[in-house]
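Asker: A structural model of the following input is requested.
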Amino acid sequence: MNITEDEIFSETEAIATNGFERNLAFIIGINNYSNGISPLKTAVNDAKKLVEVLREKYKYQVWVCLDEVATLTNLNQLLEKTLPEQVRENDRLLFYFAGHGVALNGDDGPAGYLIPQDAKGGNTNSYLPMTKLHDALSKLPCRHFLGILDCCFAGAFRWSSTRDLLTAPEVIHKERYDRFITDAAWQIITSSASDQKALDNFNLDTQRGQVGNHSPFAAALLEALEGAADAYPPAENGKPAGDGVITATELYLHLRDRVEIPTEKSRLRQTPSIWCLNKHDKGEYIFLSRT
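Answerer: Here you go, the predicted structure:
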């Protein structure tokens with residue numbers, strides 16, 4: 001099955017960084033829906049640009065799953081076979097999904113689903129349950145995991161009990177940094193709450209004149225990873241802002257501030273969230289922004 005540009009990683013390609021052997025990412029983007037499901041305009045572009053940033057700036061090795069490749073069968077194979085066979089304890093893994101999502105009423109709250117490319121509208125058997133995604137990812141042996149979901153009703157991914165959001169520190173001292181990378185970090189960032197839709201092609205900054213390139217959430221995410229989220233400590237005495245480290249919490253804070261406030265073109269509210277999964281300890285998923 002030809003499912004990725006870099007499906008098998010050789011030992012010679014391994015990247016030793018910050019106590020991790022490899023930076024891995026599993027990126028999904030779907031525009032070309034049919035079977036009664038409306039197509040999207042920016043999801044594939046969002047995914048492609050994220051792949052570019054992760055590879056060039058952060059040296060990630062990436063599984064790429066776009067449009068017709070992102071079928072339910074292929075996604076299940078990746079979750080049940082490819083990732084368990086490839087991901088190791090000393091890897092860190094980022095999972096990103098841009099496409100349709102749906103939340104249906106359930107006994108314990110909204111039952112969330114990601115919508116594969118070949119899904120049939122109204123047929124939940126052709127959807128990927130978020131519970132299944134959660135369970136498959138949680139079985140992976142890696143110490144650090146970050147999931148990023150840019151889809152409608154993404155907040156339905158929330159299973160584990162809420163933990164207090166860490167306050168973004170003004171400076172990350174070495175002992176805190178060491179704890180962040182040593183302890184387990186299992187975090188999820190979602191683009192919208194469990195009862196909210198996520199906007200597709202809408203430009204956050206109308207002054208840029210770049211309408212329709214990315215979703216609001218993806219535009220803010222890309223901006224953040226390019227360095228904008230590295231804002232602590234503030235610039236002073238001729239020194240630039242930041243300490244060269246972007247934590248998942250800092251990433252979320254940037255996304256919240258850029259996405260949650262309704263814009264001039266739309267009064268629709270979209271609220272990013274961050275959750276910790278059951279395997280989380282005292283770690284933080286991090287990006288080194290000055291590489």
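Asker: List the buried residues of stretch 213-232.
Answerer: Using 16 or more other CB atoms under 10 Å as the test for burial, stretch 213-232 gives 213-225, 227-232. Placement of C-beta: from N, CA and C, glycine included.
Asker: Which of those fall in helices?
Answerer: Using DSSP state H, the subset of the buried residues of stretch 213-232 located in helices is 216-223.
Asker: Name the residues of the strand or helix carrying Ala136 that are buried.
Answerer: Of the helices and strands defined by DSSP states H and E, Ala136 is found in helix 130-138. Within helix 130-138, the residues that count as buried by 16+ other CB under 10 Å are 130, 132-134, 136-137.
Asker: mind checking how far the closest residue to Pro116 other than its chain neighbours is from Glu284?
Answerer: Spatially, and ignoring its direct neighbours in sequence, Pro116 is nearest to Leu72 (4.2 Å; CB to CB, 6 or more residues apart in numbering). For Leu72, the distance to Glu284 (CB to CB, to the nearest Å) stands at 33 Å.
Asker: got it, and Ile181?
Answerer: Distance, Ile181 to Glu284, by CB to CB: 8 Å.
Asker: between those two, which one's more packed in?
Answerer: Glu284 (25 against 19; other CB atoms under 10 Å).
Asker: Verify the contact between the more buried one and Phe180 for me.
Answerer: Yes. At 4.1 Å, Glu284 counts as touching Phe180 under the criterion of CB atoms under 8 Å.
Asker: Mutual contacts of the two, please.
Answerer: Thr247 (CB atoms under 8 Å, 6 or more residues apart in numbering).
Asker: what is the mean pLDDT for stretch 93-102?
Answerer: What stretch 93-102 shows for mean pLDDT is 92.
Asker: Ends of it, what's the gap?
Answerer: For stretch 93-102, the separation between the terminal residues is 25 Å (CA to CA, to the nearest Å).
Asker: any weak-confidence spans in the stretch 51-200 of the chain?
Answerer: 105-110, 152-176, 192-200 (pLDDT under 70).
Asker: one step back: tell me which strands and helices the helix holding Ala136 is in contact with?
Answerer: Packed against helix 130-138 by the contact rule (3 or more CB pairs under 8 Å, 6 or more residues apart in numbering; DSSP states H and E) you find strand 109-114.
Asker: what's the pLDDT at Gly209?
Answerer: Looking at Gly209, the pLDDT reads 39.
Asker: repeat for the one 5 residues further on
Answerer: Per-residue pLDDT puts His214 at 87.
Asker: same deal with the one 5 residues further on?
Answerer: As summarised for this prediction, Ala219 has a pLDDT of 91.
Asker: Which residue ranges of the stretch 1-150 of the chain form helices?
Answerer: In the stretch 1-150 of the chain, the segments counted as helices under DSSP state H, counting those that start in this stretch are 43-58, 72-77, 83-86, 130-138.
Asker: quick one, which of those is packed in tightest?
Answerer: helix 43-58 (a mean of 19; mean count of other CB atoms under 10 Å).
Asker: What are the contacting residues of that one?
Answerer: 23, 25, 27-31, 60-62, 64, 66-67, 94, 96, 98-99, 150, 200, 213-215, 218, 221-222, 225-226, 287-288, 291.
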